[in-house]
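Chemist: sequence and predicted structure below; questions after.
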Amino acid sequence: MEHAHFKQNIVFFLLCIVLGVLYEQAFFHSMIGISYLVYVVVFYWIFFWHFRSFPFVNKRIGLLLLGSIWLLAASYFLYDSPVFYGLNLLIIPVLMVVHSVIVTRHVSWHRPVVVLFILTKFFEAFSYFASTVSYSRRAMRQRMRGNTSHVGFRILMGLLLSLPLLFVVILLLSSADMRFSETLGRFPHWLRTLDIEIGIARSLVICVYVCVVFSFLQTLRKPEEVQAAQGKIIEKKWDAVIVSTILVSMNTIYILFVTLQFSYFFSGTLQGDLTYAEYARRGFFELVVVALINLLVVTSVVTWTKLIGKLKRFIQSMLTLFILMTGVMLISAFWRLALYEEAYGFTVLRVLPHTFMIFLGVIFAYTLAKVWLERISLLHFYLIASLVYYVLLNVVNINGFIVEKNLQRFEQTGKLDIAYLSTVSDEGISALISVYESNPDYPGLRDILLELQTQTVSKPGTWQSFHLSKTDVFERLKNLHVK
């Protein structure tokens with residue numbers, strides 16, 4: 001049994017080496033495109049092979065996390081999104097760690113204690129690696145004490161252990177002696193292009209990755225010794241009279257504010273000499289911050305206040321009014337930003353707040369239900385809604401929407417921010433090509449397209465950076481005749 005277990009660990013370790021090489025190739029040689037999706041596919045093939053006989057738990061949230069990971073990885077292949085490019089480099093690995101822990105351990109994933117639990121499991125990998133090294137040495141010693149039937153195994157272990165050392169030595173000797181380097185020229189081309197510093201750095205990346213992933217997944221495969229912490233039941237301590245007073249005070253201010261909004265904003269008239277665009281810019285972010293503060297207030301009151309007796313219905317009514325007033329503020333902020341976009345055009349930093357306000361509207365609607373239906377869980381919904389919202393931002397192609405809206409504005413007003421569209425995404429470049437084909441005399445457009453053509457030709461494509469929208473734009477730029 002111990003021999004079979006050791007053999008399985010060796011096979012898994014070799015698969016982790018393959019995954020480590022793929023990781024280094026996918027993320028350290030070029031811009032990321034299809035390489036992220038390829039890496040995720042291989043990782044989960046190894047993951048499910050390793051846990052093929054393991055009883056998974058938390059399957060529904062596990063499927064949601066797994067689908068989110070795959071969709072986020074596929075977004076690198078489908079779209080060009082500079083805003084999410086760097087953010088997803090952090091988000092996807094975090095989701096992969098969370099998914100790995102949640103589906104292999106009995107833990108209440110919707111409780112705050114799960115964060116500490118996941119971090120504990122991740123850092124356990126380092127202590128596991130040390131114990132694995134010690135165990136592997138003992139197992140190899142036992143094998144080497146055998147007769148000649150184990151000679152093949154000992155030769156294989158010697159070759160595996162010598163590979164990293166040979167790699168570094170070859171790099172050093174190639175750098176020290178030109179004749180030795182020329183001799184290596186008879187070997188495949190990659191040996192002649194070895195760079196000592198880069199080679200050592202990449203080897204270290206692979207080694208660290210292999211050790212961390214191997215140890216982490218091995219840790220999760222160990223049987224659970226104790227039941228995971230479920231967290232303490234929240235004791236509601238806030239005084240209902242104090243909470244009622246706070247809600248009445250804030251609702252009074254909000255009713256006054258909303259009344260003024262209806263009087264001079266929703267009616268179509270503004271104070272002073274302010275334009276709609278100026279008014280929108282001045283008030284949008286303040287209203288969003290107030291909405292976030294209100295969400296914190298409502299969530300805290302619902303969580304920490306003991307609603308009993310005559311004050312229960314009164315507090316529920318005040319919370320309902322509080323949420324409705326917040327909804328009016330969100331609508332006002334939404335309208336302000338729409339006016340600003342109408343005046344100055346659409347950008348990612350203007351459209352994303354729009355989507356965030358819609359998300360807040362959904363959150364407040366569910367929170368309103370929680371006010372009257374006490375049994376439903378807020379944190380459970382908040383976590384799922386946040387994950388779904390973020391994934392949707394990646395898969396609905398926001399940049400394509402922005403480009404389309406700017407083209408519509410161009411048709412109506414003749415105004416187009418060509419400098420912004422040339423940097424927003426590949427969809428923006430494609431839109432500029434379409435504008436040039438119909439309006440080649442648009443000021444500055446010819447120079448931008450010539451520069452983009454030069455950049456495209458000078459940057460050779462790699463398999464790592466391949467994605468669909470870039471391929472289409474590359475072909476259009478290549479075939480475009482700029483006069």
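Modeler: Ah, there it is.

Chemist: now residue 238. Its backbone dihedrals?
Modeler: phi -70, psi 140 (degrees, to the nearest 10).

Chemist: need the next SSE after the lowest-mean-pLDDT helix or strand in the chain, C-terminal direction.
Modeler: Least confident element among the helices and strands of the chain, by mean pLDDT, DSSP states H and E: helix 189-192 (a mean of 50). Once the chain leaves helix 189-192, the next helix or strand it forms, by DSSP states H and E, is helix 196-221.

Chemist: mean confidence for that following helix?
Modeler: When pLDDT is averaged over helix 196-221, the result is 85.

Chemist: next: stretch 109-123.
Modeler: If you average the pLDDT over stretch 109-123, you get 84.

Chemist: just the buried positions in it, please.
Modeler: Across stretch 109-123, burial judged by 16 or more other CB atoms under 10 Å covers 109-111, 114, 117-118, 121-122. Any C-beta I mention is one placed from the backbone N, CA and C, and that applies to glycine too.

Chemist: could you dump those to JSON lines with distance to residue 286 and secondary structure?
Modeler: Output for those, formatted as JSON lines (distance: CB to CB, whole Å; DSSP: H, G, I helix; E, B strand; the rest coil):
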{"residue": "109", "distance to residue 286": "35", "secondary structure": "coil"}
{"residue": "110", "distance to residue 286": "32", "secondary structure": "coil"}
{"residue": "111", "distance to residue 286": "34", "secondary structure": "coil"}
{"residue": "114", "distance to residue 286": "34", "secondary structure": "helix"}
{"residue": "117", "distance to residue 286": "38", "secondary structure": "helix"}
{"residue": "118", "distance to residue 286": "36", "secondary structure": "helix"}
{"residue": "121", "distance to residue 286": "41", "secondary structure": "helix"}
{"residue": "122", "distance to residue 286": "39", "secondary structure": "helix"}
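
Chemist: starting at the chain centroid, how far to the helix or strand containing residue 362?
Modeler: Per DSSP H and E, residue 362 falls inside helix 348-372. Here helix 348-372 is found 20 Å from its chain centre; the criterion is CA atoms, centre = their mean, to the nearest Å.

Chemist: what's near enough to touch the closest residue in space to residue 97 that isn't next to it in sequence?
Modeler: Counting by CB to CB, 6 or more residues apart in numbering, residue 97 lies nearest to residue 122, which is 6.1 Å off, once chain neighbours are set aside. Contact analysis of residue 122 by CB atoms under 8 Å, 6 or more residues apart in numbering lists 97, 101, 216.

Chemist: how close does the second one sit to residue 369?
Modeler: Read that as residue 101. 30 Å (CB to CB, to the nearest Å).

Chemist: what of residue 88?
Modeler: 32 Å.

Chemist: over to residue 25?
Modeler: For residue 25, the distance to residue 369 - CB to CB - is 49 Å.

Chemist: the two: who's more crowded?
Modeler: Using other CB atoms under 10 Å as the criterion, residue 25 and residue 369 rank with residue 25 on top: 18 against 12.

Chemist: OK, contacts around that one?
Modeler: With CB under 8 Å, 6+ apart, residue 25 has these contacts: 35, 464.

Chemist: dump stretch 250-262 to CSV, restricted to CA.
Modeler: These are the backbone C-alpha positions of stretch 250-262, laid out as CSV (Å, rounded to 0.1, in the frame of the first residue of the first chain):
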residue,chain,number,x,y,z
MET,A,250,-31.3,59.9,8.3
ASN,A,251,-34.6,59.4,6.5
THR,A,252,-35.6,63.0,7.3
ILE,A,253,-32.4,64.3,5.5
TYR,A,254,-32.9,61.9,2.6
ILE,A,255,-36.5,62.9,2.1
LEU,A,256,-35.5,66.6,1.9
PHE,A,257,-32.7,65.7,-0.5
VAL,A,258,-34.9,63.6,-2.8
THR,A,259,-37.6,66.4,-2.8
LEU,A,260,-35.0,68.9,-4.0
GLN,A,261,-33.9,66.4,-6.7
PHE,A,262,-37.4,66.1,-8.0
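
Chemist: tabulate the buried residues of stretch 109-123 (a markdown table), appending distance to residue 409.
Modeler: Below are those laid out as a markdown table (distance: CB to CB, whole Å):
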| residue | distance to residue 409 |
| --- | --- |
| 109 | 44 |
| 110 | 43 |
| 111 | 47 |
| 114 | 45 |
| 117 | 50 |
| 118 | 45 |
| 121 | 50 |
| 122 | 48 |
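
Chemist: identify the farthest-apart pair in these.
Modeler: 110 and 122 (19.4 Å; CB to CB).

Chemist: ok so, going back, which member of the contacts of residue 122 is positioned nearest residue 469?
Modeler: Out of these, the member with the shortest distance to residue 469 (by CB to CB) is residue 97, at 29.4 Å.

Chemist: return the backbone torsion pair for residue 222.
Modeler: According to degrees, to the nearest 10, residue 222 has phi -70, psi 140.

Chemist: for residue 239, that is, sorry about that
Modeler: According to degrees, to the nearest 10, residue 239 has phi -70, psi 130.

Chemist: any idea how far residue 256 is from the residue found closest to it once you drop the neighbours it is linked to in the chain?
Modeler: Of all residues not flanking residue 239 in the chain, residue 305 sits nearest, at 8.0 Å (CB to CB, 6+ apart). Using CB to CB, residue 305 is found at 25 Å from residue 256.

Chemist: which one's more surrounded, those two?
Modeler: More crowded of residue 305 and residue 256, by other CB under 10 Å: residue 305, with 21 against 10.

Chemist: tell me the predicted confidence for that one.
Modeler: At residue 305, pLDDT is 84.

Chemist: and it, how far from residue 319?
Modeler: The gap separating residue 305 from residue 319 is 10 Å, by CB to CB.

Chemist: what does residue 58 give?
Modeler: Plainly put, residue 58 is 32 Å away from residue 319 if you go by CB to CB.

Chemist: what's the burial count for the closest residue to residue 78 other than its chain neighbours?
Modeler: Leaving aside its sequence neighbours, residue 78 sits nearest to residue 468 (CB to CB, 6+ apart; 5.9 Å). The local packing of residue 468 (other CB under 10 Å) involves 14 other residues.
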